[in-house]
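J.: following is a predicted model, sequence given first.
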Amino acid sequence: MKTNSDKIFSNNLLNKKVHFPKRIVSFSNTISKDDPVFKPELNRYHLFISLGCPFAHRTLIARNLKGLQDVIGVTIVDWQLGNDGWKFSQRDGCTSDPFFGFTSVKDYYYKANSQYAGRFTVPFIWDKKTNTIVNNDSASILKIFNNGFKDLAKNSDFNLCPDKNAKEIEQLNDFIFQNINIGVYKAGYAITQDEYEEAFNKVFSALDKLEERLNKSRFLVGNTFTEADIRLFTTLIRFDAVYHGNFKCNRNQLKEFPNLSNYLREIYQMDQIKQTVDFKHIKGLLYSNRSVNPNGIIPTGPNLSYLDVPHTRNNLLKSAL
Ligand SMILES: N[C@@H](CCC(=O)N[C@@H](CS)C(=O)NCC(=O)O)C(=O)O
């Protein structure tokens, strides 16, 4: 015998009125004064990141450069990404879950939406007021940090994407993303020789183009440090440590490109940025993928002391940060 709710269910099905719960695959809200829910507020939002992940790394850099350290807290997940996703731990500068005593990032996604059906990725911004994920896309989080906290950011005048350069920055972002940020992964995860060679060639021809561009220009867009530099930096800083060896991007080491390596050193040597770079986490994460590195051995080298050699980009003009 059918129960009442069964009947409602089958009647609705016949009338095509059944609404299955929406299966969420990403969170794409913004934070702004005009948003009905997510207003900029002190100590309301929290950023979850891995220091190894280049996409999460972007968001930490933007938070620091905008001077949002006292406004938005940060939790660093364990550097190892296992089969069941990101875990919280207290080893090597990682932080345990600050709010619920959760053991894994997955728990946050399900707390935000029990029907969540996407990947359990970092970075994401957690809203402590409504107990949900505001956004889990690094590109959007960069914009949120740049634009959303004008009255709260210590460096609110520092603009990562000035209107007059916005179009050029978006074009560069796209070029860097397709050829370099993702390019190294396409080479590293390739399962055919052709796929690998195509990705390898794209990575190095893009680096050659940028090497030339940086001959005259202090940063990617004229002489102003922008979001495009952050996006390029998080791949360049991982290049010699990981992508060159583990992902077989080995035509050259980054340090062999005179302009790119000088540019990389300048950005790395900025205090607010240097604090965000942790090679233990970077190597730990990026050598932990067993399909690429079956025994999970993390190499001791390479020697990266060149990063601390003073840069010589002062002869090129620079706008104030
Ligand atoms: N769309 C995301 C992608 C971030 C991403 O791919 N994160 C990786 C680490 S580098 C991740 O969390 N992967 C976990 C998984 O796929 O299980 C963004 O740019 O924010």
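T.: The structure has been received and is ready for your questions. Numbers count the residues shown, from 1 in each chain.

J.: which parts of this protein are strands?
T.: Along the chain, the stretches classed as strands by DSSP state E are 45-49, 73-76, 124-127, 132-135.

J.: which bits of the chain sit near the ligand?
T.: By CB under 6 Å from any ligand atom, the residues of the chain that approach the ligand are Cys53, Phe55, Leu81, Gly85, Arg119, Phe120, Thr121, Val122, Pro123, Asp137, Ser138. C-beta coordinates here come from the backbone N, C-alpha and C atoms, glycine included.

J.: just the buried members of these?
T.: For these, a burial check counting by 16 or more other CB atoms under 10 Å picks out Cys53, Phe55, Leu81, Gly85, Phe120, Thr121, Val122, Pro123, Asp137, Ser138.

J.: contacts only, for the residue nearest to the second one when sequence neighbours are not counted.
T.: Spatial nearest neighbour of Phe55, excluding adjacent residues (CB to CB, 6 or more residues apart in numbering): Ser138 at 4.1 Å. Residues touching Ser138, when contacts are defined by CB atoms under 8 Å, 6 or more residues apart in numbering, comprise Phe55, Ala56, Arg58, Thr59, Pro123.

J.: any idea how many residues pack against the third one?
T.: Taking other CB atoms under 10 Å as the neighbour definition, Arg58 ends up with a count of 25.

J.: right, and it touches Thr234 too?
T.: Yes - under the criterion of CB atoms under 8 Å, Arg58 is in contact with Thr234, at a separation of 5.4 Å.

J.: ok, back up a step: now tabulate the strands of the chain in TSV and tack on mean pLDDT and mean neighbour count.
T.: Below are the strands of the chain laid out as TSV (pLDDT from 0 to 100; neighbours: other CB atoms under 10 Å):
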stretch	mean pLDDT	mean neighbour count
strand 45-49	98	23
strand 73-76	98	20
strand 124-127	98	24
strand 132-135	98	22
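
J.: wait, which of these is closest to Val25?
T.: Within those, the stretch nearest Val25 is strand 132-135; the backing value is 12.0 Å (CB to CB).

J.: contacting residues for the nearest residue to Gln272 once chain neighbours are set aside?
T.: Ranked by CB to CB, 6+ apart and with sequence neighbours excluded, the top spatial neighbour of Gln272 is Asn64, at 4.2 Å. Shown in contact with Asn64 (CB under 8 Å, 6+ apart): Gln272, Ile273, Gln275, Thr276.

J.: put the buried members of those residues into a PyMOL selection.
T.: Buried members of the contacts of Asn64, defined by 16+ other CB under 10 Å, are picked up in PyMOL with:
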select buried, resi 272+273+276
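
J.: narrow the contacts of Asn64 to those in helices?
T.: Applying DSSP state H to those, the entries found in helices are Gln272, Ile273.

J.: for the contacts of Asn64, which one is nearest the ligand?
T.: Taking CB to the nearest ligand atom as the measure, the ligand lies nearest Thr276 of the contacts of Asn64, at 14.9 Å.

J.: His57 is in contact with that closest one, correct?
T.: Yes - using CB under 8 Å as the test, Thr276 is close enough to His57 to be in contact (6.4 Å).

J.: shared neighbours, the two?
T.: With contacts taken as CB under 8 Å, 6+ apart, Thr276 and His57 have Leu51 as neighbours in common.

J.: give me the spatial nearest neighbour of Asp97, chain neighbours excluded.
T.: Of all residues apart from its sequence neighbours, Phe88 sits closest to Asp97 (CB to CB, 6+ apart), at 4.6 Å.

J.: mind listing what the one you found touches?
T.: Residues counted as contacts of Phe88 (CB under 8 Å, 6+ apart) are Thr75, Val77, Asp78, Cys94, Thr95, Ser96, Asp97, Phe102, Thr103, Ser104, Val105.

J.: buried ones from these, can you make that a PyMOL selection?
T.: Selecting just the buried residues from these in PyMOL takes one command, with 16+ other CB under 10 Å as the test:
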select buried, resi 75+77+78+94+97+102+104+105
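
J.: ok, back up a step: what would the residues of the chain next to the ligand look like in TSV with pLDDT and distance to Tyr263?
T.: TSV is the format used below for the residues of the chain next to the ligand (pLDDT from 0 to 100; distance: CB to CB, whole Å):
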residue	pLDDT	distance to Tyr263
Cys53	98	22
Phe55	98	21
Leu81	94	29
Gly85	96	35
Arg119	95	32
Phe120	97	34
Thr121	97	29
Val122	98	27
Pro123	98	24
Asp137	97	26
Ser138	98	21
